[in-house]
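K.L.:
Need the 3D shape of this:
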Amino acid sequence: DAYKSILESFIHAGAMNEVKVEIVNVHSEYINHENVSEKLEGLDGLLVAPGFGLRGIEGKIIAVKYAREKALPFFGICLGMQMAVIEFGRNVLGLKDAHSTEMNANTPHPVINMMEEQKKIKMMGGTMRLGAYPCDIQSNTLAYEIYGCNKITERHRHRFEFNNEYLADFENAGMVASGKNEETGLVEIIELPSHPFFIGVQYHPELKSTVEKPAPLFVHFIAAAKKYNEAKSSLATSVIKK
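P.N.:
Numbering: from 1, shown residues only. Presented below is the predicted three-dimensional model:
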């Protein structure tokens, strides 16, 4: 039930792409370096979903690495975006033990950190960044292609964020912060231009998706997965003919 909005969004996006989306649930706590290919090689796209806590975190990071290196369409939501940042920090920037302070308060490289306004709050009840917030999208990016405009509003539910102290290093290495909150500078969207489809968002696009107006991110993600599937089928056919 926690992912019902995501599952519904895939139905909406599938209808827009004239395909039926088959969901394969992979529990990240059972993913490791030895079996990741076995777990993921049959997929046409990888979504790393939102969540909290330490369970399955390393499996998520390994799965993101697989998608990045194998050119598998990738979409990360909230925690999923944060896992993409951590994976890139560790394996591209070489920041050993890069992590989120949510899972490791003593990490030497807190590429994901608690929002500044939350650090002084002791009672954590309803203190998350909740509700709709604006996001400015950079032109000539995948995010702009998806939304078709420079300003959007999406719903949030989180306490931790991309640590902007590392932003220059990430962008110099090829990860683009294509969407930011104009007022706070909070990174809302990350993407890899060198990848066929690799995007992560800090917000929850699934919460606004409807049958009449599917969330653009899901529509484009499924379009990328469909293209990936067709390319695989074409390659298989050419191999058989040879």
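
K.L.:
ok, for L217, nearest residue in space, not its chain neighbours?
P.N.:
In space, and not counting its chain neighbours, L217 is closest to P205: 4.7 Å by C-beta to C-beta, 6 or more residues apart in numbering. Just so you know, the C-beta spots here come from the backbone N, C-alpha and C atoms, and that holds for glycine as well.

K.L.:
quick one, helices of this structure?
P.N.:
4-16, 36-40, 57-70, 79-91, 142-147, 167-172, 216-241 (DSSP state H).

K.L.:
Ranking those helices by mean neighbour count, which comes first?
P.N.:
helix 79-91 (a mean of 24; mean count of other C-beta atoms under 10 Å).

K.L.:
what residues does it touch?
P.N.:
47-52, 57, 60-61, 64-65, 68, 74, 76, 95-100, 109, 111-112, 160, 162, 166, 170, 173, 175, 189-190, 192, 198, 200-202 (C-beta atoms under 8 Å, 6 or more residues apart in numbering).

K.L.:
Over to stretch 199-206?
P.N.:
With contacts defined as C-beta under 8 Å, 6+ apart, stretch 199-206 is touched by 5-6, 8-9, 50, 74-78, 80-82, 84-85, 133, 135, 142-143, 146, 154-158, 161-162, 179, 186-191, 215-218, 221.

K.L.:
Please repeat the previous calculation with a cut-off of 7 Å.
P.N.:
Residues from elsewhere that reach stretch 199-206, judged by C-beta atoms under 7 Å, 6 or more residues apart in numbering: 5-6, 9, 50, 75-78, 80-81, 84, 142-143, 154-158, 161, 187-191, 215, 217-218.

K.L.:
count of neighbours near the closest residue to P50 other than its chain neighbours?
P.N.:
Of all residues not flanking P50 in the chain, C78 sits nearest, at 3.9 Å (C-beta to C-beta, 6+ apart). C78: 23 surrounding residues under other C-beta atoms under 10 Å.

K.L.:
and the residue most central in space within the chain, bridged to which residues?
P.N.:
In the chain, the centroid-proximal residue (C-alpha atoms, centre = their mean) is G76; its distance is 1.5 Å. With DSSP bridges as the criterion, G76 is bridged to V48, G200.

K.L.:
separation between G148 and I222?
P.N.:
17 Å (C-beta to C-beta, to the nearest Å).

K.L.:
Ok, I189 next?
P.N.:
18 Å.

K.L.:
swap in N113?
P.N.:
N113 is 32 Å from I222, by C-beta to C-beta.

K.L.:
go on, M81?
P.N.:
18 Å.

K.L.:
OK, contacts around the residue nearest to L40 when sequence neighbours are not counted?
P.N.:
Spatial nearest neighbour of L40, excluding adjacent residues (C-beta to C-beta, 6+ apart): Y66 at 5.5 Å. Residues near Y66 by C-beta under 7 Å, 6+ apart: 36, 40, 72.

K.L.:
And the pLDDT for the nearest residue to L72 once chain neighbours are set aside?
P.N.:
Spatial nearest neighbour of L72, excluding adjacent residues (C-beta to C-beta, 6+ apart): L46 at 5.6 Å. Note for L46: predicted pLDDT of 98.

K.L.:
how many neighbours does L46 have?
P.N.:
Quick note: L46 (other C-beta under 10 Å) scores 23 neighbours.

K.L.:
same thing with D136?
P.N.:
Neighbours around D136, by other C-beta under 10 Å: 15.

K.L.:
distance of it from E58?
P.N.:
D136 sits 33 Å away from E58, going by C-beta to C-beta.

K.L.:
before we move on, the earlier item: of the contacts of helix 79-91, which count as buried by neighbour count?
P.N.:
Neighbour counting by 16 or more other C-beta atoms under 10 Å classes 47-51, 57, 60-61, 64-65, 68, 74, 76, 95, 98-100, 109, 111-112, 160, 162, 166, 170, 175, 189-190, 192, 198, 200-202 among the contacts of helix 79-91 as buried.
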